[in-house]
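A.B. asks: Have a look; sequence and predicted model below, questions after that.
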Amino acid sequence: MSLIPEVKCRRCGERFSSLRSRCPNCGTRRVTQSSRTPSATPGTVGGTASYERAASNTRWQMIFGLILVAAVILAVIVMVTTSLNGTDVSVKPNKPAAVAPTVEPAQPSAEPVPTPTPTPPPTVEVLQIRFNDKELPEFTTYPGEILPLNAYVSPLTITDKVKWSSDDKDEEFFTITVDKDDGNKVTFECLKYSETPLKIYAEIFGKKYECVVRFRKA
């Protein structure tokens, strides 16, 4: 075992005697290791003013770093929220131009339609039931007899027809048949005997005439 220590070349890795100043293989100069121990700086020595200032600076650096990280996180949240909402505050939509209202031309007012005045009904002066052009306020009949009767209305300008009716609603004792061509004419036919007299009526424009019918046995 050699008493002289060997060193390793820092370039080629060849080991050689520490007494040599250069590597016999590549000629690289050997660097002598310093045996001095570096002295401690004031900031690393506890209890000194430099140590207290270094600790205070370290705390402020940590606080500043946390504030910076929080600001970055907040900025990212705002950006994500804005992109999700699709809001673009830099561009504002143009308002539509106001359109002037169209003025319709005035329409001429329609003249009111006059309400027609109702024509008053004519005044009936004379209304009679007649037989052979003679007034017939009453007559006597028997079963099987047939008589032509007519209604006379005055003034003659009244063209409306009279309304015929009788006490014999069921036409049990006689019938009254209105003429198809002239509503003021009827045909009276006795059907059977009645102990009680009955009446025939002619009516027009509120005026009414009655004729009494009496019966006898055939």
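C.D. replies: Now that the structure is in, tell me what you want to look at.

A.B. asks: how many neighbours does the closest residue in space to V213 that isn't next to it in sequence have?
C.D. replies: Distances taken as C-beta to C-beta, 6 or more residues apart in numbering put L198 closest to V213, at 4.9 Å, once the chain neighbours are dropped. Any C-beta I mention is one placed from the backbone N, CA and C, and that applies to glycine too. Applying other C-beta atoms under 10 Å, we find 16 residues neighbouring L198.

A.B. asks: how far away is L198 from D168?
C.D. replies: Distance of L198 to D168, computed by C-beta to C-beta, to the nearest Å: 5 Å.

A.B. asks: if I look at these two, which residues touch both of them?
C.D. replies: Each of F174 lies in contact with both L198 and D168 under the rule C-beta atoms under 8 Å, 6 or more residues apart in numbering.

A.B. asks: How is the chain partitioned into domains?
C.D. replies: Residue ranges for the domains of the chain, per automatic domain parsing: 1-32, 44-84, 126-215.

A.B. asks: Out of the ones you listed, flag the one nearest Q107.
C.D. replies: domain 126-215 (44.9 Å; C-beta to C-beta).

A.B. asks: Do me a favour and get the end-to-end distance for that closest one?
C.D. replies: 28 Å (C-alpha to C-alpha, to the nearest Å).

A.B. asks: Phi, psi for F64 please.
C.D. replies: phi -60, psi -40 (degrees, to the nearest 10).

A.B. asks: ok, it to F215 distance?
C.D. replies: If you go by C-beta to C-beta, the gap between F64 and F215 works out to 138 Å.
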